[in-house]
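1. The sequence and its predicted three-dimensional model are supplied below.
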Protein chains: 2
Amino acid sequence: MTQTITFFELVPWLVLTGSVIALLFAFVFYRQMKRQDEGTPTMRQIAQYVREGAMAYLKQQYKVVVIVFICLAVFFAILAYGFGVQNPWVPFAFLTGGFFSGLAGFIGMKTATFASGRTANACRKSLNGGLKIAFRSGSVMGLTVVGLGLLDIALWWLILNACITEATIAQKLVVITTTMLTFGMGASTQALFARVGGGIYTKAADVGADIVGKVESDLPEDDPRNPATIADNVGDNVGDVAGMGADLYESYCGSILSTMALGASAFYAFGPEMQLKAIFAPMLIAAVGVLLSVAGIFTVRTKEGAGMKELLKSMSFGTNVAAILSGIATFGILALVFGTDGPQWWQYSLSVVSGLVAGVIIGKSTEYYTSHSYKPTQKLAGAAQTGPATVIIGGVGLGMRSTAVPVVTIAAAIILSFLCATGFDTDVMAPGVLAQGLYGVAIAAVGMLSTLGITLATDAYGPIADNAGGNAQMSELDPKVRERTDVLDALGNTTAATGKGFAIGSAALTALALLASYIEEIKVALTRAGETITGVGDIVKDAADANILDVLSNYNVSIMNPTVLAGVFIGAMMAFLFCGLTMDAVGRAASKMVVEVRRQFKEIKGILTGEGTPDYKRCVEISTKAAQKEMLVPALLAILVPIAVGLLLGVAGVLGLLVGGLSAGFVLAVFMANSGGAWDNAKKFVEEGNLGGKGSSAHHATVVGDTVGDPFKDTSGPSLNILIKLMSMVSIVMAGLTVLF
Amino acid sequence: MTQTITFFELVPWLVLTGSVIALLFAFVFYRQMKRQDEGTPTMRQIAQYVREGAMAYLKQQYKVVVIVFICLAVFFAILAYGFGVQNPWVPFAFLTGGFFSGLAGFIGMKTATFASGRTANACRKSLNGGLKIAFRSGSVMGLTVVGLGLLDIALWWLILNACITEATIAQKLVVITTTMLTFGMGASTQALFARVGGGIYTKAADVGADIVGKVESDLPEDDPRNPATIADNVGDNVGDVAGMGADLYESYCGSILSTMALGASAFYAFGPEMQLKAIFAPMLIAAVGVLLSVAGIFTVRTKEGAGMKELLKSMSFGTNVAAILSGIATFGILALVFGTDGPQWWQYSLSVVSGLVAGVIIGKSTEYYTSHSYKPTQKLAGAAQTGPATVIIGGVGLGMRSTAVPVVTIAAAIILSFLCATGFDTDVMAPGVLAQGLYGVAIAAVGMLSTLGITLATDAYGPIADNAGGNAQMSELDPKVRERTDVLDALGNTTAATGKGFAIGSAALTALALLASYIEEIKVALTRAGETITGVGDIVKDAADANILDVLSNYNVSIMNPTVLAGVFIGAMMAFLFCGLTMDAVGRAASKMVVEVRRQFKEIKGILTGEGTPDYKRCVEISTKAAQKEMLVPALLAILVPIAVGLLLGVAGVLGLLVGGLSAGFVLAVFMANSGGAWDNAKKFVEEGNLGGKGSSAHHATVVGDTVGDPFKDTSGPSLNILIKLMSMVSIVMAGLTVLF
């Protein structure tokens, strides 16, 4: 036992080392990028505009977020210190989660705004040079996110492990891990603001720029005569880069934290050693994944003069190698942690494998439905020949149909990762079996995100290439440069599909694990309040002696309980309401932008001939103000509704809410992402010269589709994954209050 | 006891009498309408075209439906006679349900196609005359639906009561009522075909006609120069009339049958007398509702020269009086049935009242979000100033936001009707309490639909007025006539809102009751197979002795069971997949229609100057073929998926599937209906002269919105209500097979 504990004592330091390595490489790549030439004076100037706009917006956004965080932290402090229904560490853990999430977004964006001009400049010479800069800069983001995530996790573990005292070690471990979930809530809250605020910003600018620029005035994308063009490019950075960074930071930490919390509580009855194993396993998988990501990033190098196919091959090779090695390493790590004398090590490893396979399938399905190399998007483009209405109808239909494969896959992954973990024990609702199975589901999510360092790099480099294209266009460089950045951008869309599959799939599994953590946290809260519960078979027990089934039974969480059903309805509605609010916000802000751009075209003379200078600043202001104002209500709703449901409908209602939100939210997210992606690529398909090419009526129709798809895929859709998890985390953190009533 | 039984023996005959009265009045109104003049020879000719097209389509549709029905009936016969896992009456009950549903649609449509020409003709003289004919013809549909529904229910009750023999009366009652649910499944299956097929037909024609006619060639609606115009008018009949008739026949019978089945099984332990009370209560409420509907219809008469407001008042008065009287009568009926010595009579009455209030709130909310008298739709119209993309984004946002009030209302109605029925007993999961509460939910749905006779009349007269307008336009009558029919049409939209609120709300409650019936049917199937179950507290019992909680416990339907969760995911996905398939079908068919109309405009000379005659027939054929081909897959999916889930994931998976489908489907249905309604009325708002009026760019943008909204509100959205219930009924009918595996 002593020897084991010794190894266990090492684990947090190993994780910390992994985190430092990731951050170190991020810094090295950042420096490499900064050393590159930023190009002509015009290019520098434009990059400077975009950088300033982006930073100014981020500052504004963080101001609002800081106020919200302070209010919530004070609220938590009152609950913790005033009423004793919460752990005293909660307010602080909450704040650091928010801080690191914001930091990840900030660093990613800073890098991107420095990188895009340099990428454009490199593309003046070669495609390969552009790829290198963009991809390495994307890697900065990827490694920063995972590095900061592991750093926060390891540090909090060390602090809480040293400071918290409870009656038994087993109880202490449960309290530590559930407290750490609060920092997940902080990360989720910040991520939601970043995604919603950034999403509204970028899409208001994008939609506004497209409607007046492309549809009404036949200007190309990113034309410097379009007053909204700087705002559009700023938006790509605050939405697609900073928003995505915060989002994936939240996903990454969420998956690890929920697995740790579930591990501690699910194996409570097995004693502290088993708990520790279950807590450290996800941390180690993540730490090793970081190292493999770094290795994978280094494999992405192509020979000078390499073609498009080789580029793609090289990037896919990097991510695939990292993922496959991570899958193999998982067997080793789990054997090391759990020992090879029991079945756990290979059982949980198989759970991880089923998660990885599910992620690949979801990614492939996304690619099939949204890439214009395949029939669905090509047919959608064909519908443009009969006008915008049929494009919209077709895109909505496509997105809705495209939910089938991911949902069946995730349903199968849930059942398989559960059953693998239990050794195919069919008595799924026996206390030990249920806990073990749910832990399998949770750790599968960790496996899916373990190589986030590199998959995020392939995702984040897309917006950088996109912005590089903007810079090239606005600086009026040789059209060849734009062509090259477009190739990079398109490449990014393809490589990102798999990463997105993992992100979406892991969100569902993590949310499921959080559901279980919620029940465990209810138990902790009951224990703290010294209550008894009526468990299975109507036996009255002290809450501390209860298992997960006793808690479930105490609250009648049968699917036929009308309270559960009412919760499910409200949960499903929340997903729609949230999307409705964010869609509306984009629509409203975009309308304002259109009115402003039209005004400038009319009032500023010579603007369309390139003789007058547009007032870029006004457009930036419109987007900033709209995003500020509009992000508050949807984000607060996500926090307040679970609290209200908890107070009104109790535990059964909250569980219903979370299940309804999770299921409808997941399907809605896939629908919106795929509809939006398909509309985007249908437009690109036409722009490549099909069906009449640029300027044809089919092109105009696809531009309408793309415009509608913008908030689908970049504002509402991606926010849903965060919403689902945030609602769970709020419920967990508020469990003490729910139990009081 | 003997005396009570005597009264009970009377009940089916009373219901039969109610049904005959309804059918009689329907016949009288039909004759009254037929006696009216159909107008000029052109008017007659056009009415004849539409009538022929509609009948031809219906024949085609019924051919396909008959084949499907025969296949399913044979399958049921094999299950029943070959494997003994089903009742021998099942195939026959299934067939009659389908037959009566088809008959209701057929009669409604026949009436509508005779009435629209006559309405147009009456509008040449006065608005009031037009109203009378249209409304009375709508009443034919309303009364036919409820009359046939009650007829089928009463007849099957009498037959099965005379023929079925079981060990005890209590068991016999359970078997009778669950067998009768099969006829509900027949009705739902036919309704789904009618809604989907009719919906695809009408929207393919409508969208096609709008895109080429309104957007590309600036022709007004229903212009005779538009080749798709006859198909469009035929579509209104096969979709909005026949489809709606079948849909509401299904809802009406479904609510009554599910309450009867739940009554028999939930009160099984209380003995046959209590069961009979619970079975007859919904039948009597429905029968009295029919009489009140007839009375209400007679109150709708306005003085010659009455204004628009008076018309509206008169109609609202009729529906409100019927609804209020029905609410009051419910107290009397339930006192008569349950006796005033226990609390049941007023408890269940309060459940009904909470259902009625919920229906009114949902109706009002629908009106608020979709009528252009209110801000949301006016703002949506405002978004048209910045083009079609912002209209689409705004409409999607509006629809999604609009789900909040109906969902919270229905969640509250579920809890309230449940709690009222149990006398606010908070131990909701005690066996007796759960059964009683769910019965309360079920009977609330019956109350909501009890005055369907008149609410459907106010709904069905809309399409008749719409078609009258088409006839007036095509016959080139004085524009005043068209204005009058437009007033009637708009009036119909307003009065229909409340009716739709009741239909949507009752669908959710009925589906919930069906969920409970499913569990009861599982028990029946287990009993038939002579199995034992492991109930609450792990006690092994004979299935026959089990109560609802034992069954739930045997199958682990806790919301944390991964199988349940997988089912919930798949259920939510089903709603989206189904909508995706039907949206796509409309998009595809509409594209074909556009190509054809464009071809005719190009190839048939003088078509746009009115000198050449368009080839109406080709367009009718395109719609017919498309509807035929495309309706099969989504409809079969609704039948096959629950069977597959039952075989693969068992009872827990099926319950998850139904809950996921119900919750996501309900929210999605509200979203699609309200988005579609708002787009429609935003267009009308502009056409009334706002924001530039007809022909302005804002108008073009709203036409795109309206076109997209067509399949939202008339194809996919309304089919969802049927889908939800059909999946439940299939699961119930297939319970025997699920249990076998």
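-> Happy to help now that I have it. Given the structure is predicted, the values throughout are model-derived calculations rather than measurements.
2. who are the neighbours in contact with the residue nearest to A:Val408 when sequence neighbours are not counted?
-> Excluding its sequence neighbours, the residue lying closest to A:Val408 (Cβ to Cβ, 6 or more residues apart in numbering or on different chains) is B:Ile570, at 6.7 Å. C-beta: built from backbone N, CA, C; applies to glycine. If a contact means Cβ atoms under 8 Å, 6 or more residues apart in numbering or on different chains, then B:Ile570 has A:407-408, A:411, B:641, B:645, B:653, B:656-657, B:660 as its contacts.
3. May I see those arranged in a markdown table, with neighbour count, secondary structure and pLDDT as well?
-> Output for these, formatted as a markdown table (neighbours: other Cβ atoms under 10 Å in any protein chain shown; DSSP: H, G, I helix; E, B strand; the rest coil; pLDDT from 0 to 100):
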| residue | neighbour count | secondary structure | pLDDT |
| --- | --- | --- | --- |
| A:Val407 | 26 | helix | 97 |
| A:Val408 | 17 | helix | 97 |
| A:Ala411 | 27 | helix | 97 |
| B:Val641 | 21 | helix | 97 |
| B:Val645 | 26 | helix | 97 |
| B:Gly653 | 30 | helix | 96 |
| B:Gly656 | 30 | helix | 97 |
| B:Leu657 | 29 | helix | 97 |
| B:Gly660 | 31 | helix | 97 |
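4. which one of the residues you listed sits closest to B:Ala122?
-> B:Val641 (47.6 Å; Cβ to Cβ).
5. how distant is stretch A:615-632 from the center of its chain?
-> Put simply, stretch A:615-632 sits 24 Å off its chain's centre (Cα atoms, centre = their mean, to the nearest Å).
6. can you pull the buried residues of it?
-> A:615-616, A:618-624, A:626-628, A:630-631 (16 or more other Cβ atoms under 10 Å in any protein chain shown).
7. wait, A:Ala589 sits on A:Thr624?
-> No. Between A:Ala589 and A:Thr624 there is no contact, the gap being 10.0 Å when judged by Cβ atoms under 8 Å.
8. Can you give me the pLDDT of A:Gly307?
-> Predicted confidence (pLDDT) for A:Gly307: 68.
9. no no, A:Gln436
-> pLDDT, A:Gln436: 88.
10. next one: A:Arg195
-> Value for A:Arg195, per-residue pLDDT: 92.
11. contacting residues around the residue in the stretch 601-741 of chain A positioned nearest to chain B?
-> Closest residue of the stretch 601-741 of chain A to chain B, Cβ to the nearest Cβ: A:Thr707 (3.8 Å). Taking Cβ under 8 Å, 6+ apart, we find A:Thr707 in contact with A:206-207, A:210-211, A:215, B:389, B:393.
12. Number of residues surrounding A:Thr582?
-> A:Thr582: 29 surrounding residues under other Cβ atoms under 10 Å in any protein chain shown.
13. try A:Glu166
-> 12.
14. mind listing the strands for chain A?
-> A:532-534, A:540-542 (DSSP state E).
15. Take those and write them to JSON lines, including mean pLDDT, distance to A:Gly332 and mean neighbour count.
-> JSON lines is the format used below for the strands of chain A (pLDDT from 0 to 100; distance: least, Cβ to Cβ, whole Å; neighbours: other Cβ atoms under 10 Å in any protein chain shown):
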{"stretch": "strand A:532-534", "mean pLDDT": "85", "distance to A:Gly332": "41", "mean neighbour count": "16"}
{"stretch": "strand A:540-542", "mean pLDDT": "83", "distance to A:Gly332": "40", "mean neighbour count": "12"}
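16. Now do the nearest residue to A:Ala404 once chain neighbours are set aside against A:Gly399, distance only.
-> Among residues not flanking A:Ala404 along the chain, B:Leu577 sits closest, at 5.0 Å (Cβ to Cβ, 6+ apart). When Cβ to Cβ, to the nearest Å is the yardstick, B:Leu577 and A:Gly399 sit 11 Å from each other.
17. which of the two has more neighbours?
-> Between B:Leu577 and A:Gly399, counting by other Cβ under 10 Å, A:Gly399 is the more crowded of the two (31 against 23).
18. got a pLDDT number for the more buried one?
-> 97.
19. Might one say that it is in contact with A:Ala678?
-> Yes. Between A:Gly399 and A:Ala678 there is a contact at 6.8 Å, judged by Cβ under 8 Å.
20. shared neighbours of those two, anything?
-> Joint contacts of A:Gly399 and A:Ala678 (Cβ under 8 Å, 6+ apart) are A:Tyr369.
21. returning to what we had before: of the strands of chain A, give the one that comes closest to B:Tyr555.
-> strand A:532-534 (21.4 Å).
22. Output the below-cut-off pLDDT ranges for the stretch 501-650 of chain A.
-> Applying pLDDT under 70 to the stretch 501-650 of chain A flags no residue at all.
23. any chance you could map the helices in it?
-> A:548-554, A:562-603, A:616-630, A:632-687 (DSSP state H, counting those that start in this stretch).
24. Distance of the residue of the stretch 601-741 of chain A closest to chain B relative to A:Leu398?
-> Applying Cβ to Cβ to A:Thr707 and A:Leu398 gives a distance of 17 Å.
25. what's the answer for A:Thr144, then?
-> 35 Å.
26. for A:Ala472, same thing?
-> From A:Ala472 to A:Leu398 the distance is 32 Å (Cβ to Cβ).
27. what's the answer for A:Gly339, then?
-> Taken as Cβ to Cβ, the span from A:Gly339 to A:Leu398 is 49 Å.
28. Settle it for me: which of the two has more neighbours?
-> Legend: neighbour count by other Cβ under 10 Å for A:Gly339 and A:Leu398, higher for A:Leu398 (27 against 12).
29. contacting residues around that one?
-> Here A:Leu398 is in contact with A:369, A:376-377, A:380, A:674-675, A:678, B:580, B:584 (Cβ under 8 Å, 6+ apart).
30. would you turn those into a markdown table with neighbour count?
-> Listed next are the contacts of A:Leu398 as a markdown table, based on neighbours: other Cβ atoms under 10 Å in any protein chain shown:
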| residue | neighbour count |
| --- | --- |
| A:Tyr369 | 27 |
| A:Pro376 | 24 |
| A:Thr377 | 27 |
| A:Leu380 | 31 |
| A:Asn674 | 29 |
| A:Ser675 | 29 |
| A:Ala678 | 33 |
| B:Gly580 | 24 |
| B:Asp584 | 27 |
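31. ok, those residues vs B:Tyr57, which is closest?
-> B:Asp584 (20.6 Å).
32. so who does that closest one touch?
-> Applying Cβ under 8 Å, 6+ apart, the residues near B:Asp584 are A:393-394, A:397-398, A:401.
33. what's the answer for A:Ile169, then?
-> A:Ile169 touches A:Pro272, counting by Cβ under 8 Å, 6+ apart.
34. and if you look at A:Leu151?
-> Per Cβ under 8 Å, 6+ apart, neighbours of A:Leu151: A:16, A:19-20, A:23, A:100.
35. Give me the buried subset of the residues you listed.
-> A:16, A:19, A:23, A:100.
36. roughly how far apart are the second one and A:Gly147?
-> This points to A:Ser19. 5 Å.
37. Name the residues contacting each of these two.
-> Contacts common to A:Ser19 and A:Gly147, judged by Cβ under 8 Å, 6+ apart, are A:Val290.
38. Could you report the neighbour count for A:Met593?
-> 30.
39. I meant to write A:Asn161 there.
-> 13.
40. Check the one 4 residues further on too.
-> Neighbours of A:Thr165 under the rule other Cβ under 10 Å: 8.
41. so what's it up against?
-> A:Lys172.
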